[in-house]
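**Student:** How does the following fold in three dimensions:
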Amino acid sequence: MQLLASMKVHGDKNWALIAKSVQNRTDVQCRERYCNILDPNINHSDWTEEEDEKMRVAFGQYPNKWSKIAKCISTRTDNQ
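**Tutor:** Coordinates of the predicted model:
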C-alpha cells in the first residue's frame with residue numbers, strides 16, 4: 001500500500017524518491033515489486049496456447065534472453 005500511494009504522488013520513474021516513502025525497501029526493491037507484481041498491465045492468469053507459441057518463437061530468436069522474450073509477450077514479465 002505504501003508503494004502504490006508513493007507512486008501516486010511521485011509517478012513511476014523516480015524510484016529513489018518512492019523508496020524513501022516505503023519503509024525498509026530500496027529503490028531497486030520498489031521497482032522490481034511494481035514491475036513484476038503490482039503493475040495492473042501484467043497478466044497473472046494461466047498461460048494460453050497462443051502465449052506459449054509466442055514464447056517458443058521468441059526463444060528461437062533470443063535464446064535465454066528473457067527480457068527480450070518478455071517484450072514479445074507484452075502482458076508478461078521476464079520473471080514469468
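
**Student:** Surely Ile69 touches Ala58?
**Tutor:** Yes - using Cβ atoms under 8 Å, Ile69 is in contact with Ala58, at 4.3 Å. C-beta: built from backbone N, CA, C; applies to glycine.

**Student:** These two: which is more packed in?
**Tutor:** Ile69 (21 against 18; other Cβ atoms under 10 Å).

**Student:** Helix or strand: which one has that one?
**Tutor:** helix 66-72 (DSSP states H and E).

**Student:** Which neighbouring elements make contact with that helix?
**Tutor:** When contacts are defined as 3 or more Cβ pairs under 8 Å, 6 or more residues apart in numbering; DSSP states H and E, helix 66-72 packs onto helix 49-61.

**Student:** what residues does the helix it packs on touch?
**Tutor:** 47, 68-69, 72-73, 76 (Cβ atoms under 8 Å, 6 or more residues apart in numbering).

**Student:** burial count for Arg33?
**Tutor:** Residues lying near Arg33 (other Cβ under 10 Å) number 15.

**Student:** What distance do you get for it to Lys68?
**Tutor:** For Arg33, the distance to Lys68 (Cβ to Cβ, to the nearest Å) stands at 22 Å.

**Student:** Next, Pro63: secondary structure please.
**Tutor:** Following DSSP: H, G, I helix; E, B strand; the rest coil, we place Pro63 in the coil state.

**Student:** And the pLDDT for it?
**Tutor:** We have a pLDDT of 94 for Pro63.

**Student:** and it, how many neighbours does it have?
**Tutor:** Around Pro63 there are 9 other residues, counting by other Cβ under 10 Å.

**Student:** Quick check: the gap between it and Met55.
**Tutor:** In terms of Cβ to Cβ, Pro63 sits 12 Å off from Met55.

**Student:** what's the answer for Lys13, then?
**Tutor:** To Met55, Lys13 is 28 Å away according to Cβ to Cβ.
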